[in-house]
Structure formats: structure tokens, C-alpha cells
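Colleague: Provided below are the primary sequence and the corresponding predicted coordinates.
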Amino acid sequence: MTDIDAPLPPDKLGRRLTEVYDLVGPLYRRAQRSVEQGLDNDGLSVGVRAVLTLLHRNGPMTVPQMGRAQAISRQFVQRMVNDAAAQGLVEAVPNPAHRRSSLIRPTEKGSAVISAVLEREHLLLRKVGGGLTDAEVTSCLRVLGELLTALDHVDLG
């Protein structure tokens, strides 16, 4: 094992992970602005897009499940679900596992809208340069996943 493959000692790891946080904030804000600009034509907010994406990828979910998956409050998710429902993009259906917590699922219109949005974003992300390898992307996902797990204790409000 080379030095680059050895686990970092805690102090050095903390400093290196600070570099990651320093990039994640601006990356998130720029990506959000880019998504907002792309969504303007669809009449979607970033929050409604997030709800539709979750349902597209995971199938029907409850509002609390979506909140946990996105690390945002149940109340915010409920507002986004209400907005999506008002646009005819999602609908509530009975939840066989829990009478009082309906499952939310996309309508045909919602599925078509999010499929078009995700395809447009995929075409944009294909243009990312840098000759990135699958191993590098896998490592990035692992690091970001560990950072997210380390913050599991944070109250979402």
C-alpha cells in the first residue's frame, strides 16, 4: 500500500475534508442556480424537482421518508408535495403499511416532466471534463457519503 492509499490520520483527514466542504457549498449553490434556470421553462421549483426525482428513482414514498432521504424537514417536503399536487404532478394514494401517512406517487404528467428534466441535466453533465474515471467518481461518492453519515446527528428541524 502506497502512502496515497493509506488511511489519513485524524488531524490530516479533518483538514482535507475541510477542503471538500469548501468546494461543496459553492458547487451546490451553482448547481441549484443552474437547475433553477433549466426549470424555469417547466414551471418547477428546485424543491418540486427534488420530490419528483425522489419518486422517479425510488417509487412511491411518504412525506417523512422523503424528508429523511433529502435531509430536510418534513414540513418543507409537505409544502413541495402540495405545490407538486397543485400542478397535477403527484397524487396521494393509500399506504398499506400506515393508514395515516399516504404514499405520494407521480402522475403521468409528473413522470413525463421529471424524465424530460433529468434527460436535459444528463446531457449537460455529459460535458463535464477532466477525464474522470469510474474509480474517481466512486471515491467521491464514498467520501461524500461518509461526510453525510457523520452529520446524521444534526436535527433537520
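Modeller: In hand now; what should we look at?
Colleague: Quick check: phi and psi at the nearest residue to residue 103 once chain neighbours are set aside.
Modeller: Sequence neighbours aside, residue 60 is the residue nearest to residue 103 in space, at 3.9 Å (criterion: CB to CB, 6 or more residues apart in numbering). In short, each C-beta sits where N, CA and C put it, glycine included. Backbone torsions for residue 60, taken as degrees, to the nearest 10, come to phi -60, psi 140.
Colleague: so who does residue 60 touch?
Modeller: Neighbour list for residue 60: 93, 103, 104, 105 [criterion: CB atoms under 8 Å, 6 or more residues apart in numbering].
Colleague: For the last one, which three-state class applies?
Modeller: Which is residue 105. Secondary structure state of residue 105, per DSSP: H, G, I helix; E, B strand; the rest coil, is strand.
Colleague: and the contacts of residue 60, which are buried?
Modeller: Using 16 or more other CB atoms under 10 Å as the burial test, the contacts of residue 60 include 103, 104 as buried.
Colleague: so where does the nearest residue to residue 85 once chain neighbours are set aside fall, helix or strand?
Modeller: Spatial nearest neighbour of residue 85, excluding adjacent residues (CB to CB, 6+ apart): residue 91 at 6.7 Å. Per DSSP states H and E: residue 91 is located in strand 90-93.
Colleague: Direction included, what does that strand pair against?
Modeller: strand 103-106 (antiparallel) (DSSP bridges).
Colleague: Thank you, goodbye.
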